[in-house]
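K.L.:
fold the following, please.
(2 chains)
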Amino acid sequence: MNDVVVLIAVLAAVALFSVWWKRRDGQVREVTDRFTADELAALGVPAGSAALVEFTAPNCAPCRATKQVLDDVAGLWPEVAVVAVDVADALAASKAHHVMRAPTTFVLAPDGVVRGRIGGVPDPGELADLLEDGHGHGDGRGRPPRGKRVSADVHVEAAASRSPLTRRSGSRRSRVA
Amino acid sequence: MSRREPMDIDVRGPRFSAALTFTVLVIAYLTRSVPLLAFQVAVFAVAAFAGLRWSPYGNVFRFLKRRLAFIGPPTAIEPENGPRFSQLMGFLFTGAGLVALAADAVGLGWALVLVVIALSALLAFTGICVGCEMYALGQRLRGGAAQT
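P.N.:
Sure, this is the predicted structure:
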């Protein structure tokens, strides 16, 4: 009888955990963190460029899906670099920024300040929102206003003219069409 | 670093295997059946060390897929590394549980089994593969150990 109670308790914990996990997964979290210039250089982020940096694991299916989302979203802002780096090849940075899972994506301003951090396959709409506004719509705990999510393609026209993550650096891209 | 291409597998396979693992371990736990636990440890060992091609539960899934048309083609495929790593984790936890039971540490032994029950339930019912997610953490720990 006791065994059954323990088993049910374990399964209830599993259920709670999975609800929590699914709510967090792919959502942009706002964190206070910054990549140094040396780190950016080591990761291969072009100097002075906003970037989406994904920490990947080899042969990881969600990592592939993430790269696709990043490429799609970054395609709207040509000045945003997309960098995918294996955790094993960037151990120092993984440790410094507490990367605990792959894929983990960092949204970086040109000065290396982390504007958002995403565990799992990013929600394209949220990522686009973040790049468009320079800050996320979430409350910083991975819970953005659910009703407000938009798919990436909705932003295609609006987004291209605005500059990502503050620093405008004078050069407004000629993508306004 | 080995460059051998990992085998791609149907993503539903690991979830099916997890459901079987969950069932077997729940029965073992509730009936306190050490032989059944030993069976599951052996299944994990085969999948982890010989590869998912040889996974007993994976082969049950492939057999059913051939026989039952409604299962249909794969919804997606993934490389075997992540799921295989999970099988290794399963092996380590249930194996340690078995050793604990053999050493008369009954509480610890079944507690370790409960951990695997929880993880396999997670994969079977929600598709979250904790072992796959922990790959990054594993790399960091391994890399950290290698550096010092």
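K.L.:
bridged to residue B:78, which residues?
P.N.:
With DSSP bridges as the criterion, residue B:78 is bridged to residue B:9.
K.L.:
tell me the contacts of it?
P.N.:
Shown in contact with residue B:78 (CB atoms under 8 Å, 6 or more residues apart in numbering or on different chains): A:61, B:8-9, B:11. The way it works is simple: take the backbone N, C-alpha and C, and place the C-beta from them, glycine included.
K.L.:
please apply the same query to residue A:85.
P.N.:
If a contact means CB under 8 Å, 6+ apart, then residue A:85 has A:43-44, A:53-56, A:93 as its contacts.
K.L.:
got a winner among these for most neighbours?
P.N.:
Of all those, the highest neighbour tally under other CB atoms under 10 Å in any protein chain shown goes to residue A:55, namely 29 neighbours.
K.L.:
is that residue in a bridge, and if so with what?
P.N.:
The partner residues for residue A:55, given DSSP bridges, come to residue A:85, residue A:104.
K.L.:
where does it land on pLDDT?
P.N.:
At residue A:55, the model reports a pLDDT of 92.
K.L.:
what are the ranges of the helices in chain A?
P.N.:
Ranges of helices in chain A, per DSSP state H, are A:2-24, A:37-43, A:61-74, A:91-96, A:124-133, A:156-159.
K.L.:
can I get those helices in TSV with mean pLDDT and distance to residue B:58?
P.N.:
Supplementary listing: the helices of chain A in TSV, determined by pLDDT from 0 to 100; distance: least, CB to CB, whole Å:
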stretch	mean pLDDT	distance to residue B:58
helix A:2-24	91	23
helix A:37-43	93	37
helix A:61-74	89	16
helix A:91-96	89	31
helix A:124-133	86	33
helix A:156-159	42	42
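K.L.:
winner for burial among those?
P.N.:
helix A:124-133 (a mean of 22; mean count of other CB atoms under 10 Å in any protein chain shown).
K.L.:
quick one: it to helix A:61-74, angle?
P.N.:
On the basis of axes from the mean of the first three to the mean of the last three CA atoms, to 10 degrees, helix A:124-133 is oriented at 40 degrees to helix A:61-74.
K.L.:
same for helix A:124-133, what does it pack against?
P.N.:
strand A:28-29, helix A:61-74, strand A:104-108, strand A:114-119, helix A:156-159 (3 or more CB pairs under 8 Å, 6 or more residues apart in numbering or on different chains; DSSP states H and E).
K.L.:
relative to chain B, which of the contacts of residue A:85 is nearest.
P.N.:
Within these, proximity to chain B (CB to the nearest CB) peaks at residue A:55, which comes in at 6.8 Å.
K.L.:
hmm, the closest one is touching residue A:89, no?
P.N.:
No: applying CB atoms under 8 Å as the test, residue A:55 and residue A:89 come out as separate, 9.6 Å apart.
K.L.:
tally of neighbours for residue B:25?
P.N.:
The burial count for residue B:25: 23, using other CB under 10 Å.
K.L.:
correct me, but it touches residue B:37?
P.N.:
Yes: under the criterion of CB under 8 Å, residue B:25 makes contact with residue B:37 at 7.3 Å.
K.L.:
quick one on the thing from earlier: adding distance to residue B:140, write the helices and strands packed on helix A:124-133 out as TSV.
P.N.:
As requested, the helices and strands packed on helix A:124-133 are exported to TSV (distance: least, CB to CB, whole Å):
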stretch	distance to residue B:140
strand A:28-29	20
helix A:61-74	16
strand A:104-108	12
strand A:114-119	15
helix A:156-159	35
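K.L.:
so where's chain B uncertain?
P.N.:
For chain B, applying pLDDT under 70 flags the ranges B:1-6, B:129-133, B:135, B:143-148.
K.L.:
could you report the distance from the residue most central in space within it to residue B:100?
P.N.:
The residue lying closest to the centre of chain B (CA atoms, centre = their mean) is residue B:87, at 3.1 Å. Remark: distance between residue B:87 and residue B:100 (CB to CB, to the nearest Å) = 20 Å.
K.L.:
also residue B:33?
P.N.:
15 Å.
K.L.:
likewise residue B:109?
P.N.:
Taken as CB to CB, the span from residue B:109 to residue B:100 is 4 Å.
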